[in-house]
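the following block contains a protein sequence and its predicted model.
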Protein chains: 2
Amino acid sequence: MSVHFRKLALIGIGLIGSSIALAARRQGLVDVISVMTRRQETLEEARALGLGDIYTRDAAEAVRGADLVILCAPVGAYDTLAQAIAPALEPGAIVSDVGSVKEHVVKVVAPHLPPTVHFIPGHPLAGTEHSGPSAGFPELFAGRWCVLTPGSDVPEAQTARLAAFWRAMGSNVECMDAAHHDMVLAITSHVPHLVAYNIVGTVADLEAATQSEVIKFSASGFRDFTRIAASDPVMWRDVFLTNRDAVLEMLGRFLEDLSVLQRAVRNGDGDSLEAMFTRTRAIRRSIINAGQETAAADFGRPHEAPPAPETKIVRDHGGGDDA
Amino acid sequence: MSVHFRKLALIGIGLIGSSIALAARRQGLVDVISVMTRRQETLEEARALGLGDIYTRDAAEAVRGADLVILCAPVGAYDTLAQAIAPALEPGAIVSDVGSVKEHVVKVVAPHLPPTVHFIPGHPLAGTEHSGPSAGFPELFAGRWCVLTPGSDVPEAQTARLAAFWRAMGSNVECMDAAHHDMVLAITSHVPHLVAYNIVGTVADLEAATQSEVIKFSASGFRDFTRIAASDPVMWRDVFLTNRDAVLEMLGRFLEDLSVLQRAVRNGDGDSLEAMFTRTRAIRRSIINAGQETAAADFGRPHEAPPAPETKIVRDHGGGDDA
């Protein structure tokens, strides 16, 4: 099957939307790309970056004549957007999205769509901590998974077309039930983000002097959490508003386990601690073996070389801040 | 002040010990390096890597004639090691360590040492998730902090000598009180590790089918936690056994904050969630500005290019696992 769409409409042009634009163009998957976003400033940014062929703030205009429509806006805007595009959708078009939750998306989008289009919710499990049209890059999806959650009424051939589109951008594709997606993502993505946001928040509440020490010494563990805690706040607000039950269930398990660890620390139970800390190593090995992570130390972060032996960096006293 | 020691004794030769050996040698800071470790196998590994000049399983022999002794073994072994080296220590020698806790180290090591040596506990805030003699590399300390916690009886000139040693390996050096170190590190390092170990443990308890999905989809957040949860289990057991009070205090704050977030999720309080997720971004910016982190997306992890447009990777159906 050849992968080709006449017109791709991207409703929203942040990190994911702009990456799709760049990847689809590079791989020659579409003739025309229309870019819609709500704010004029963002639209001008997308135009300056040359992400599309048509730029508009009118969602209906963007989707007119499109055979592939992808919602790339925050999930909280889907209801309004679905209502806006519905009358302009071309019969036979595929309507998809990239939202981090799927049951809620089906609930708010599907009722508005005409029966002549094929609604196939999607979720590319790819991203960085950066947002906005300039954050996108065409390799974002390479080697990553894209989950599709087609309803039972969608013809298999249509799902196959959309899957082929994602594969051509480098993704692996998996289809599953929307509810199952939301449960797996709650523990894989949503609870980790909540926990990361939380620990960074705990640090933000420390007195200023201590906080600056935490920042200075962050390489000892804390900074790993700050990457995902720098992700787009509106997107993540919407995730927690729309996947509440699965998040609370997985957060409950996390808290139960943390109580056990907390007690082991309080009781000085070294055997339990060591056993717990040993078995977690196998999980990371599995992730590396699955090709989802680099085995390079420190995520492959650059390590600068130390100064040459002759450099005069020695001072006369040992204390104080060297920065 | 020139940085030079006649003989450096490394008691323990894991990630940190081997990195010190490589960096000190490269920078020409020492004439002779003696390497002591408990297990014959590890000693042979260190010898094969050419990390030192003298190799022994006898701690007393290793420190004989050394003017700089650094304990690089798990903190749980310090008591025994301090007793073993005490009679062989050269008057005037600096005795230091690299342990992640400092009050406990003072408590178990200081009573054994003769008054003729200078005991200056240290903690290089550097590391990767890898352990063992082969994990070391000479750039490990470059641009990172090393905290020294000299007691009030240590002459300033001796602290300055040790600080110059660390600076010559590329470290920034800061001196502080041992108790303050333990409090700052509890939130910067110990609680983040505990939380990371915990969430990886929660995943390890899921049924096998779900767990394999979590591994597959780990790029969506979870995998960031697995790096520090793959750190040396024995070292981390000892951290939690020896910095209990500070860890429980900071863990308590973390749990209070998490209860607030949990309630916001349960109540669908979008404004609070967005406000929380917004303020945490500033912390990451501070860390990047402090030179303790890369601003590159995804920690600078490599992103592979997508396949060329001509590649035949399209299949006839949309569902199923592509791996």
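Received the coordinates, thanks.

contacts for stretch A:53-68, please.
Taking C-beta atoms under 8 Å, 6 or more residues apart in numbering or on different chains as the criterion, the residues outside stretch A:53-68 that touch it are A:5-11, A:30, A:32-40, A:43, A:46-47, A:69, A:81, A:84-85, A:87-90, A:92-94, A:96, A:162, A:165. Glycine gets a C-beta too; all of them are placed from N, C-alpha and C.

okay, how far is it across that stretch, tip to tip?
Between the opening and closing residues of stretch A:53-68 we find a distance of 15 Å, counting by C-alpha to C-alpha, to the nearest Å.

for stretch A:150-163, same thing?
With C-alpha to C-alpha, one end of stretch A:150-163 sits 11 Å from the other.

buried residues in it, which are they?
A:150, A:154, A:158-163 (16 or more other C-beta atoms under 10 Å in any protein chain shown).

make JSON lines out of these and add secondary structure and distance to residue B:284.
Putting these into JSON lines (DSSP: H, G, I helix; E, B strand; the rest coil; distance: C-beta to C-beta, whole Å) gives the following:
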{"residue": "A:150", "secondary structure": "coil", "distance to residue B:284": "37"}
{"residue": "A:154", "secondary structure": "coil", "distance to residue B:284": "40"}
{"residue": "A:158", "secondary structure": "helix", "distance to residue B:284": "41"}
{"residue": "A:159", "secondary structure": "helix", "distance to residue B:284": "38"}
{"residue": "A:160", "secondary structure": "helix", "distance to residue B:284": "40"}
{"residue": "A:161", "secondary structure": "helix", "distance to residue B:284": "39"}
{"residue": "A:162", "secondary structure": "helix", "distance to residue B:284": "34"}
{"residue": "A:163", "secondary structure": "helix", "distance to residue B:284": "35"}
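
any chance of these in JSON lines, with pLDDT and distance to residue A:135 too?
Output for the buried residues of stretch A:150-163, formatted as JSON lines (pLDDT from 0 to 100; distance: C-beta to C-beta, whole Å):
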{"residue": "A:150", "pLDDT": "97", "distance to residue A:135": "28"}
{"residue": "A:154", "pLDDT": "97", "distance to residue A:135": "31"}
{"residue": "A:158", "pLDDT": "98", "distance to residue A:135": "30"}
{"residue": "A:159", "pLDDT": "98", "distance to residue A:135": "29"}
{"residue": "A:160", "pLDDT": "97", "distance to residue A:135": "30"}
{"residue": "A:161", "pLDDT": "98", "distance to residue A:135": "28"}
{"residue": "A:162", "pLDDT": "98", "distance to residue A:135": "24"}
{"residue": "A:163", "pLDDT": "98", "distance to residue A:135": "25"}
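
OK, contacts around the nearest residue to residue A:181 once chain neighbours are set aside?
With C-beta to C-beta, 6 or more residues apart in numbering or on different chains as the measure, residue A:102 is the residue that lies nearest to residue A:181, at 4.6 Å, once sequence neighbours are left out. Contacts of residue A:102 were listed using C-beta under 8 Å, 6+ apart, and they are A:121, A:123, A:147, A:149, A:178-179, A:181-182.

then residue A:176?
Residues counted as contacts of residue A:176 (C-beta under 8 Å, 6+ apart) are A:147, A:149.

now do residue A:283 against chain B, distance only.
Using C-beta to the nearest C-beta, to the nearest Å, residue A:283 is found at 5 Å from chain B.

wait, what's in contact with that residue?
Taking C-beta under 8 Å, 6+ apart as the contact definition, residue A:283 lies against B:200, B:203-204, B:215, B:226, B:229.

helix, strand or coil for residue A:114?
Three-state assignment for residue A:114 (DSSP: H, G, I helix; E, B strand; the rest coil): coil.

over to it: give its phi and psi.
phi -70, psi 150 (degrees, to the nearest 10).

thought it was touching residue A:83?
No: shown here, residue A:114 and residue A:83 do not form a contact pair, counting by C-beta atoms under 8 Å, at 12.0 Å.

and these two? Which one has more around it.
Applying other C-beta atoms under 10 Å in any protein chain shown to residue A:114 and residue A:83 shows that residue A:83 carries more neighbours, namely 16 against 13.

what's the pLDDT at that one?
Confidence at residue A:83, expressed as pLDDT, is 98.

kindly report the same for the one 10 residues further on.
Each residue has a pLDDT score; the one for residue A:93 is 98.

so it sits against residue A:69, correct?
Yes: judged on C-beta under 8 Å, residue A:93 makes contact with residue A:69 at a distance of 6.0 Å.

more neighbours: the two, which one.
Remark: of residue A:93 and residue A:69, residue A:69 carries more neighbours, 29 against 25, as counted by other C-beta under 10 Å.

so where's chain A shaky on pLDDT?
For chain A, the stretches with pLDDT under 70 are A:1, A:297-323.

so it: which segments form each domain?
Taking automatic domain parsing as the domain assignment, the record places the domains of chain A at A:5-176, A:180-295.

number of residues surrounding the closest residue to residue A:34 other than its chain neighbours?
Counting by C-beta to C-beta, 6+ apart, residue A:54 is the residue found nearest to residue A:34 once chain neighbours are left out, at 3.9 Å. Counted with other C-beta under 10 Å, residues neighbouring residue A:54 total 16.

got phi/psi on residue A:54?
In terms of degrees, to the nearest 10, the main-chain angles of residue A:54 are phi -120, psi 130.

circling back: out of the contacts of residue A:283, which are close to chain A?
When C-beta under 8 Å from any C-beta of the partner chain is applied, the members of these adjacent to chain A are B:200, B:203-204, B:215, B:226, B:229.
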